[in-house]
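# Sequence first, then the predicted structure, then my questions.
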Amino acid sequence: MSSLEEVRTEIQQIDRDIVGLIKKRTELADKVLESKIKAGLPISDENQNKVVLERAVDNAIDFNLDTNPVKSIFQILIEMSIERQQELSGKGKFP
């Protein structure tokens, strides 16, 4: 196997790991919704979203990554979590 093929194989595994972590993160939306319902909180929490984005930017800086794409990725992850919570609560876009 060439060096390029080896690197691509490693990237393929990392991509799979990333998707697995996204799944795990999205599944935690179930527990988050349960806690929000008990506390009488709305699904979307702008303050918490801000905390998550700030943490993502801080982590990007720690890893010497461009903060803008990392922040964009986490905005998508937040949207996925909100949509999942809305679906579970019966308020989602999908039946």
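Received it, and whenever you're ready, just let me know what you need.

# what's the spacing between D66 and R25?
21 Å (CB to CB, to the nearest Å). Using the backbone N, CA and C atoms, a C-beta is placed for each residue, glycine as well.

# okay, the two: which has more neighbours?
Neighbour totals were compared for D66 and R25, and R25 leads with 13 against 10 (other CB atoms under 10 Å).

# Wait, that one touches I76, no?
No. With contact defined as CB atoms under 8 Å, R25 does not reach I76; the gap is 11.2 Å.

# so how far is the helix or strand where N59 lies off the chain centroid?
Following DSSP states H and E, one finds N59 within helix 46-62. Put simply, helix 46-62 sits 12 Å off its chain's centre (CA atoms, centre = their mean, to the nearest Å).

# what's that helix packed up against?
In terms of contacts (3 or more CB pairs under 8 Å, 6 or more residues apart in numbering; DSSP states H and E), helix 46-62 is packed against helix 67-88.

# which SS state does G90 fall under?
coil (DSSP: H, G, I helix; E, B strand; the rest coil).

# and it, how many residues sit next to it?
G90, neighbours per other CB under 10 Å, totals 7.

# On the pLDDT front, check the residue most central in space within the chain for me.
Centroid-nearest residue in the chain, with CA atoms, centre = their mean: L77, separated by 3.0 Å. L77 is assigned 97 on the pLDDT scale.

# Return the distance of the closest residue to it other than its chain neighbours relative to K91.
Distance criterion CB to CB, 6 or more residues apart in numbering; nearest residue to L77, sequence neighbours excluded, is R25 at 6.3 Å. R25 sits 20 Å away from K91, going by CB to CB.

# quick one: the lengthiest helix in the chain to chain centroid distance?
The residue-count maximum for a helix in the chain (DSSP state H) belongs to helix 3-39. What separates the centre of helix 3-39 from the centre of its chain is 8 Å, taken as CA atoms, centre = their mean.
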